[in-house]
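>>> One predicted model, sequence on top.
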Amino acid sequence: MASPAGNVEPQEPEVHRGLAGVVADTTAVSKVNPATNSLLYRGYPVQELAEHCSFEEVAWLLWHGELPGPGELDGLRERTAAARRLDDRVRRVVEELPLAAHPMAVVRTAVSVLGTLDPDAGDDSPAAELRKAERLFAQLPAVVAFTQRRRRGEDPVDPDPALDHAADFLHQTFGETPSAAVADAFRISLILYAEHSFNASTFTARVVTSTLSDLHAAVTAAVGALAGPLHGGANEKVWDVFAEIGPGPGSGERARAWVDREFAAHHKIMGFGHRVYRSGDSRVPSMEAALRRLAADTGREDVVTLYDELQAAVAGRTSVLPNLDYPSGPAYHLMGFDTALFTPIFVAARVVGWTAHVREQRAANSLIRPLSAYSGPAERHLDR
Ligand SMILES: CC(=O)SCCNC(=O)CCNC(=O)[C@H](O)C(C)(C)COP(=O)(O)OP(=O)(O)OC[C@H]1O[C@@H](n2cnc3c(N)ncnc32)[C@H](O)[C@@H]1OP(=O)(O)O
Ligand SMILES: O=C([O-])CC(=O)C(=O)O
């Protein structure tokens with residue numbers, strides 16, 4: 001714009017706080033479409049994958065772009081089953097950490113340590129990054145399981161290579177083969193959590209990769225981003241709310257009173273709302289159905305009753321709808337996990353999406369470095 005004197009005035013830059021609505025790059029890994037309320041992994045609806053696939057098949061799909069052939073799937077299963085056992089050096093580091101440390105801090109530390117021990121450390125070629133991604137995928141269940149068992153004063157359980165990834169995750173955590181209902185609900189949750197385009201933690205992983213830093217650095221940073229309650233940390237908070245209200249007789253009345261208090265205090269309700277979805281999270285129906293089967297299997301109908309009552313009470317106050325963390329929190333509780341382990345499970349699932357994005361970012365890299373609009377004092381000078 002020209003001033004009366006004819007000088008060109010600097011334009012105020014347009015600021016997009018929280019990068020809301022900004023398209024930062026392209027991705028072929030997944031498509032979140034709020035208009036059709038759909039989520040596609042490499043073109044496949046996530047609901048179909050959750051119904052028909054193992055977590056290993058979905059991991060291969062996200063990393064490679066196509067579902068694995070039989071030989072490819074067998075190879076992935078053999079390699080990852082052989083890599084599941086936690087390195088004693090990682091175990092010792094974890095044992096040095098305070099028992100009171102949050103499991104997300106433990107997992108973040110373990111990923112960083114695993115990076116120093118990885119046989120491909122220092123090699124950022126696509127083949128080496130794929131091997132690192134497979135190893136992290138294989139090792140994270142042992143980190144999560146060991147963390148829960150340590151908190152409970154229990155000895156670690158060795159992995160069972162005869163079990164698939166999801167079932168062995170539960171076996172390493174609880175020391176027994178899970179029931180079909182528990183194994184199925186857990187597998188579904190891992191698939192639904194595996195990937196979600198440029199969410200905050202994935203974007204963090206891409207920012208780190210864009211400096212040409214290594215895969216374990218990107219995943220360590222992503223774990224930090226996921227931990228917050230506005231992102232992955234919400235699944236723990238959801239169960240905290242269920243525990244505070246208390247499932248069982250009279251829970252509807254208690255849920256309504258709780259929601260009234262939260263809205264009066266202008267608090268956000270954990271497990272509700274989403275930056276991208278406006279008419280519901282595409283993953284909720286699959287996870288909610290798994291939660292209902294799990295509640296029937298474990299005789300905990302009181303939990304789904306509260307699930308429905310709390311959702312109805314929130315719907316009476318706002319049009320904001322549940323996100324995936326809303327059904328996942330109670331589902332992980334019914335599976336027997338400690339609440340503080342819910343977000344680490346999310347890590348063990350999302351590591352697939354993060355590493356798929358790390359590979360994509362590195363393959364066509366551009367340093368991620370946005371601009372800022374300065375809002376501090378005008379230029380001034382020292383008075384000396
Ligand atoms: C797997 C995941 O990471 S899914 C997200 C998990 N996080 C949560 O469940 C935490 C609770 N939810 C939230 O805090 C938010 O919905 C977020 C952070 C997820 C998204 O936030 P944003 O896109 O920035 O939306 P924003 O916070 O601006 O909310 C828009 C409006 O909806 C309301 N709103 C959004 N979420 C909630 C909520 N959980 N409870 C009550 N009101 C809400 C806001 O108050 C705001 O209302 P207003 O326009 O009248 O002021
Ligand atoms: O996409 C987001 O912003 C958050 C989310 O649902 C996810 O990461 O799964």
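Done, it's in. Predicted model, so just to flag it, every value in this text is computed and none were measured. Numbering: from 1, shown residues only. Ligands and ions are numbered 1, 2, ... in the order given.

>>> Please verify my assumption that residue 124 contacts residue 215.
Yes. If you go by CB atoms under 8 Å, residue 124 and residue 215 touch, sitting 7.5 Å apart. Where you see a C-beta, it was placed from the backbone N, CA and C, and this is true even at glycine.

>>> More neighbours: those two, which one.
More crowded of residue 124 and residue 215, by other CB atoms under 10 Å: residue 215, with 29 against 16.

>>> burial measure for residue 70, as a count.
Counted with other CB under 10 Å, residue 70 comes out at 7.

>>> same deal with the one 5 residues further on?
Taking other CB under 10 Å as the neighbour definition, residue 75 ends up with a count of 14.

>>> Who are the contact partners of residue 83?
134, 135, 138, 139 (CB atoms under 8 Å, 6 or more residues apart in numbering).

>>> Of those, keep whichever come out buried.
134, 135, 138, 139 (16 or more other CB atoms under 10 Å).

>>> after the host helix or strand of the second one, next one along is what?
The one in question is residue 135. Taking DSSP states H and E as the definition, residue 135 sits inside helix 126-151. Using DSSP H and E, the helix or strand that follows helix 126-151 towards the C-terminus is helix 165-174.

>>> Need the residues that contact that next one.
Contacts of helix 165-174 (CB under 8 Å, 6+ apart): 54-56, 77, 80-81, 84, 137-138, 141-142, 144-146, 148-149, 156-161, 163, 177-178, 182-183, 186-187, 190, 335-337, 348.

>>> Could you tell me which residues make contact with the closest residue to ligand 2 within the stretch 201-350 of the chain?
As assessed by CB to the nearest ligand atom, ligand 2 sits closest to residue 275 within the stretch 201-350 of the chain, at 4.7 Å. Contacts for residue 275 were tallied using CB under 8 Å, 6+ apart; they are 18, 20.

>>> pLDDT at the residue minimising distance to the centre of the chain, what is it?
The centre of the chain sits closest to residue 346, judged by CA atoms, centre = their mean, with a distance of 3.9 Å. pLDDT recorded at residue 346 is 98.

>>> distance between the helix holding residue 135 and the chain's centre?
14 Å (CA atoms, centre = their mean, to the nearest Å).

>>> So for it, what gets flagged as buried?
Applying 16+ other CB under 10 Å to helix 126-151 flags 128-151 as buried.

>>> Show me what that helix is packed up against.
helix 55-64, helix 70-82, helix 88-96, helix 103-117, helix 165-174, helix 215-226, helix 342-363 (3 or more CB pairs under 8 Å, 6 or more residues apart in numbering; DSSP states H and E).

>>> so can I have a markdown table of the ones you listed showing distance to ligand 2?
Formatted as a markdown table, the helices and strands packed on helix 126-151 follow (distance: least, CB to the nearest ligand atom, whole Å):
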| stretch | distance to ligand 2 |
| --- | --- |
| helix 55-64 | 13 |
| helix 70-82 | 23 |
| helix 88-96 | 26 |
| helix 103-117 | 15 |
| helix 165-174 | 18 |
| helix 215-226 | 8 |
| helix 342-363 | 7 |
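
>>> Name the residues that touch stretch 355-363?
Residues contacting stretch 355-363 (CB under 8 Å, 6+ apart): 27-29, 62-63, 124, 126, 129-130, 132-133, 136-137, 195, 202, 205-206, 209-210, 212, 215, 218-219.

>>> could you give the mean pLDDT of the helix holding residue 135?
98.

>>> Number of residues surrounding the closest residue to residue 63 other than its chain neighbours?
Nearest residue to residue 63, sequence neighbours excluded (CB to CB, 6 or more residues apart in numbering): residue 356, at 5.3 Å. Per other CB under 10 Å, the neighbour tally for residue 356 reads 27.

>>> The one 3 residues further on now?
For residue 359, the tally of surrounding residues (other CB under 10 Å) stands at 19.

>>> repeat for residue 208
Neighbours of residue 208 using other CB under 10 Å come to 23.

>>> do the same with residue 221
Neighbours of residue 221 using other CB under 10 Å come to 21.

>>> And the pLDDT for it?
For residue 221, pLDDT reads 99.

>>> Can you name the residues that contact whichever residue of the stretch 151-300 of the chain sits closest to ligand 1?
The nearest approach of the stretch 151-300 of the chain to ligand 1 comes at residue 273, 2.1 Å away (CB to the nearest ligand atom). Counting by CB under 8 Å, 6+ apart, residue 273 touches 320, 321, 323.

>>> Just the buried ones from those?
Buried among these (16+ other CB under 10 Å): 321, 323.

>>> now the contacts of residue 273 as JSON lines including pLDDT?
Below are these laid out as JSON lines (pLDDT from 0 to 100):
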{"residue": "320", "pLDDT": "97"}
{"residue": "321", "pLDDT": "97"}
{"residue": "323", "pLDDT": "98"}
